[in-house]
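K.L.:
predicted coordinates and the sequence they were generated for:
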Amino acid sequence: MKIGLLSDTHSKKGRSQKIIDHLAAEGAEFLIHAGDIVKPEMLQQLKASGLRYIAVYGNNDAALHEYHEKYNLVQEPHYFKLGGVNFKLMHLPFYLNADAEVILFGHTHVFECDFKNNTLFLNPGEACARDKPFSSCAMLDITDNTFTVTHYLRAVGTDIFDERHYSFERS
């Protein structure tokens, strides 16, 4: 199963749409937004993608509470199962104990991909390109034996995504 990951869109709707389109074109079957969505337009983009999705509230998302019932928004930490794998989703990296197979978070605006004691810790980085001159997102490909992470980077002003790959054996 291929899961597209994005975080920290911070109301940059053009950048978030390019990321959603790219993840869909790369075969994402599900989208996960790790918070700091900021504007309801980003939630509409997720919904309009036609893919199943989930998004967690970030520290800048209080104004989105009125949309809680309209979109698939959850509070942190949120536990769920997808593709036979247990996930924990949060925005703030406060709940980083290894109590799920995959721990997804945002907030830091820095891509992180670390596999410790059979747990994958993953932050897709910032989609908004606020702190860096590029947008960042990731794809998690789950098989019975591996987690494969592709980190995508798109320089602002271009349509080309560079990619880096990481693979981890599941036990």
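P.N.:
Thanks, I have it.

K.L.:
pLDDT on the helix ranked longest in the chain, on average?
P.N.:
Ranked by residue count and defined by DSSP state H, the top helix of the chain is helix 13-25. Helix 13-25 shows a mean pLDDT of 97.

K.L.:
how about whichever helix or strand comes after it: buried residues?
P.N.:
Per DSSP states H and E, the first helix or strand lying C-terminal to helix 13-25 is strand 30-33. Using 16 or more other Cβ atoms under 10 Å as the burial criterion, the residues of strand 30-33 that qualify are 30-33. Placement of C-beta: from N, CA and C, glycine included.

K.L.:
and stretch 148-168, by the same measure?
P.N.:
So, applying 16+ other Cβ under 10 Å, buried residues of stretch 148-168: 149-154, 161, 166, 168.

K.L.:
and those as JSON lines, adding secondary structure and distance to Val102?
P.N.:
Shown next, in JSON lines, are the buried residues of stretch 148-168 (DSSP: H, G, I helix; E, B strand; the rest coil; distance: Cβ to Cβ, whole Å):
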{"residue": "Val149", "secondary structure": "strand", "distance to Val102": "10"}
{"residue": "Thr150", "secondary structure": "strand", "distance to Val102": "15"}
{"residue": "His151", "secondary structure": "strand", "distance to Val102": "15"}
{"residue": "Tyr152", "secondary structure": "strand", "distance to Val102": "18"}
{"residue": "Leu153", "secondary structure": "strand", "distance to Val102": "21"}
{"residue": "Arg154", "secondary structure": "strand", "distance to Val102": "24"}
{"residue": "Phe161", "secondary structure": "strand", "distance to Val102": "22"}
{"residue": "Tyr166", "secondary structure": "strand", "distance to Val102": "13"}
{"residue": "Phe168", "secondary structure": "strand", "distance to Val102": "10"}
